[in-house]
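[1] what follows is a predicted structure for the sequence shown.
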Amino acid sequence: WSEVGLHTLVSRDQYSNETFGDIAENSFNGTDCGFFLSNGFTPEKLESPEYDALAFDSIAEPDGLDDGARMVVRPHHKMYPKVVAKDRSAIEKPNAFVSELATDYLNIYGSARQVHTDRVHACVASVSYDVPCRLYSDSKRGFLFEKLGVSLDEMQAGLISIDRDLLNDAKQVQIEFLKG
């Protein structure tokens with residue numbers, strides 16, 4: 001990248017900024033662009049009973065999340081042929097959902113009562129729409145929530161929400177950097 005002359009790098013977290021920030025003329029310890037979803041897309045309110053979203057692509061769905069008390073929707077993020085070839089059981093569960101459209105997933109996450117997932121960006125989308133989530137992963141991507149006052153340990157321990165004012169401030173600082 002340095003040979004190309006990378007002008008600006010906006011990282012999504014401190015770790016990425018420390019690792020890659022020196023390859024650009026200008027670097028900024030930013031906020032993941034997924035947190036801007038609510039600025040550009042409004043989820044359709046689904047005509048359905050209240051539901052929880054359980055999105056597990058890398059691990060088995062933890063026991064006890066579907067207690068029968070409310071409806072559960074199971075978004076699966078693998079493309080359909082790959083799902084069938086690799087793990088058919090993922091789409092054989094009740095209310096499994098597979099789509100090629102990102103907006104379909106945003107509608108599900110943005111309308112859920114709560115989200116449980118092993119996908120960091122499913123949590124990003126959820127909290128962008130003020131839907132509590134819990135992360136079942138130790139991915140370093142989870143560190144992108146630290147800037148918003150939530151540690152990876154907290155995300156793994158239980159449902160989290162983010163401070164909307166803190167998020168809006170972080171987004172505004174990033175916008176001002178990009179304008180400059």
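    Received the coordinates, thanks. Numbering: from 1, shown residues only.
[2] start and end of stretch 39-51, how far apart?
    Terminal residues of stretch 39-51 lie 24 Å apart, using C-alpha to C-alpha, to the nearest Å.
[3] same deal with stretch 133-148?
    14 Å.
[4] now the residue nearest to the spatial centre of the chain: closest residue in space, sequence neighbours ignored.
    Residue closest to the mean C-alpha point of the chain, counted by C-alpha atoms, centre = their mean, is residue 121 at 2.1 Å. Closest residue to residue 121 apart from its sequence neighbours, by C-beta to C-beta, 6 or more residues apart in numbering: residue 34 at 5.4 Å. Placement of C-beta: from N, CA and C, glycine included.
[5] could you pull out the helices for this protein?
    14-20, 37-40, 80-86, 89-92, 102-111, 120-128, 152-157, 164-179 (DSSP state H).
[6] where does pLDDT dip in the protein?
    1-4, 79-90 (pLDDT under 70).
[7] if we use 80, what do you get?
    For the chain, the stretches with pLDDT under 80 are 1-5, 78-92.
[8] quick one on the thing from earlier: what about the residue nearest to residue 121, how many neighbours?
    Residues near residue 34, counting by other C-beta atoms under 10 Å, number 17.
[9] that one contacts residue 123, doesn't it?
    No: using C-beta atoms under 8 Å, residue 34 is not in contact with residue 123; the gap is 9.1 Å.
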